[in-house]
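A.B. asks: Give me the fold of what follows.
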Amino acid sequence: MELFNNAILNTKKLYEQKKFEDTKEVLHIGFGIDSRFALGMGVLMTSIILNNPNQNIAFHVFTDGIEKSDTERLQEVAKKERIEITIYYINLEVFINFPTSLGWSHATYYRFIMGEKLYGTADKMLYLDADILCVGSLQELLETDMGNNIILGIDDCMTDFDVKVKNLSIQHGRYFNAGVMYIDVNKWHDEKIADRAMQLIIEDPQKYKSLDQDVLNVLLDGKTQYVDIKWDHIYNMSFMNHKLPKNTILIHYTGDKPWHRWTEHHFMVKRYYEYIKKSPWSDVPLAEPIHYKEKSKMAKSYKKRGMYLQYLKCYYDYLISRTKTKLNS
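C.D. replies: Below you'll find the model as predicted:
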């Protein structure tokens, strides 16, 4: 597809291994981000490296924009850990007419093209959303038999599952979360998943409410090997009583992120901070609330921690911000 051919403007290797150890297979891991998720991706990289010390790893970053400071931090990771990191600069114009939402930017579509771009370089690749934390070894996942399937995927825990499956005419009755996919790159290429996915979005952008995730579930229906939820444990930061199963390997933070200031009260944030401190992003301040809804959450966070003066100040700021937004809408 001509559209796909123009998707990548250029690439930049931050560090290149001249030769990997012959006895070890290389784990290729891909990320699709905009500048807002650089910190999350960097901390995820750090957590993967620390929990997989004997694994040869090559990171592939697909982005439409990344700050110079974050590129420098990635360079630090690459040189210190002697890990290959390649940045693929995306031509945003290719995706500009694709639908987005408050939670999903155009970067959500970059996973479409990763398998195609790595064809000829890797036989398999692991795609990960940047709001994930790795807390264990990935070896078991890499050794899982994929059969004739194109990906290994994990069931999504959505509440409207039955409606989603029916509306998308999914025949095999299962729907995966596209935040974690272990991809057979050769089969992805042979089945032209990238081209077909982009074509579906172009033809009927309103049909797919969960955007690229819906499209991939349609195309990979019956071609997905489902694995245990420990490989993509969806963790909602809105709840304080959500206990993490002990066998969890990949924690997927949905909704509010652990690098948002208004989640500081949550007990699960402490674990995330441990990895931030071990990464080159340790000096990056947490994201401050901007939208009035975020300011409301920030106020509630202060209140839960007994910081009542900050709570009152932030709540007042929330009321002013909300009023201005309503008046201008």
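A.B. asks: next one: phi and psi at Asn167?
C.D. replies: phi -60, psi -30 (degrees, to the nearest 10).
A.B. asks: Would you quantify the distance from it to Phe112?
C.D. replies: 21 Å (CB to CB, to the nearest Å). Heads up, the C-betas are built off the backbone N, CA and C, glycines and all.
A.B. asks: can you list the weak-confidence ranges in the stretch 51-200 of the chain?
C.D. replies: Residue ranges of the stretch 51-200 of the chain with pLDDT under 70: 99, 101-104, 158-159, 161, 169.
A.B. asks: center of the chain - which residue?
C.D. replies: Residue closest to the average C-alpha location in the chain (CA atoms, centre = their mean): Asp129, at 1.1 Å.
A.B. asks: Disregarding flanking residues, what is the spatial nearest neighbour of that residue?
C.D. replies: Excluding the flanking residues, the one nearest Asp129 by CB to CB, 6 or more residues apart in numbering is Gly179, at 3.7 Å.
A.B. asks: so what's the one you found up against?
C.D. replies: Contact analysis of Gly179 by CB atoms under 8 Å, 6 or more residues apart in numbering lists Leu128, Asp129, Asp131, Ile132, Asp232, His252.
A.B. asks: Separate out the buried members of those.
C.D. replies: Leu128, Asp129, Asp131, Ile132, Asp232, His252 (16 or more other CB atoms under 10 Å).
A.B. asks: for the residues you listed, which one is nearest Lys295?
C.D. replies: Closest to Lys295 out of the buried ones among the contacts of Gly179 is Asp131 (21.0 Å), distances taken as CB to CB.
A.B. asks: any idea how far the closest one is from Gln225?
C.D. replies: Distance from Asp131 to Gln225, by CB to CB: 24 Å.
A.B. asks: Would you mind writing the CA trace of stretch 187-207 as PDB?
C.D. replies: C-alpha atoms of stretch 187-207 as PDB (Å, rounded to 0.1, in the frame of the first residue of the first chain):
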ATOM      1  CA  LYS A 187       3.000 -14.500   9.200                       C
ATOM      2  CA  TRP A 188       2.100 -10.800   9.800                       C
ATOM      3  CA  HIS A 189       3.800  -9.900   6.600                       C
ATOM      4  CA  ASP A 190       2.400 -12.800   4.600                       C
ATOM      5  CA  GLU A 191      -1.100 -12.000   5.700                       C
ATOM      6  CA  LYS A 192      -0.600  -8.300   4.900                       C
ATOM      7  CA  ILE A 193      -1.900  -7.300   8.300                       C
ATOM      8  CA  ALA A 194      -0.500  -3.800   8.200                       C
ATOM      9  CA  ASP A 195      -2.000  -2.900   4.800                       C
ATOM     10  CA  ARG A 196      -5.400  -4.600   5.600                       C
ATOM     11  CA  ALA A 197      -5.600  -2.900   9.000                       C
ATOM     12  CA  MET A 198      -5.000   0.600   7.500                       C
ATOM     13  CA  GLN A 199      -7.500  -0.100   4.800                       C
ATOM     14  CA  LEU A 200     -10.200  -1.100   7.200                       C
ATOM     15  CA  ILE A 201      -9.800   2.200   9.200                       C
ATOM     16  CA  ILE A 202      -9.900   4.200   6.000                       C
ATOM     17  CA  GLU A 203     -13.000   2.500   4.700                       C
ATOM     18  CA  ASP A 204     -15.100   2.800   7.800                       C
ATOM     19  CA  PRO A 205     -13.400   4.800  10.600                       C
ATOM     20  CA  GLN A 206     -16.700   5.100  12.700                       C
ATOM     21  CA  LYS A 207     -17.200   1.400  12.900                       C
END
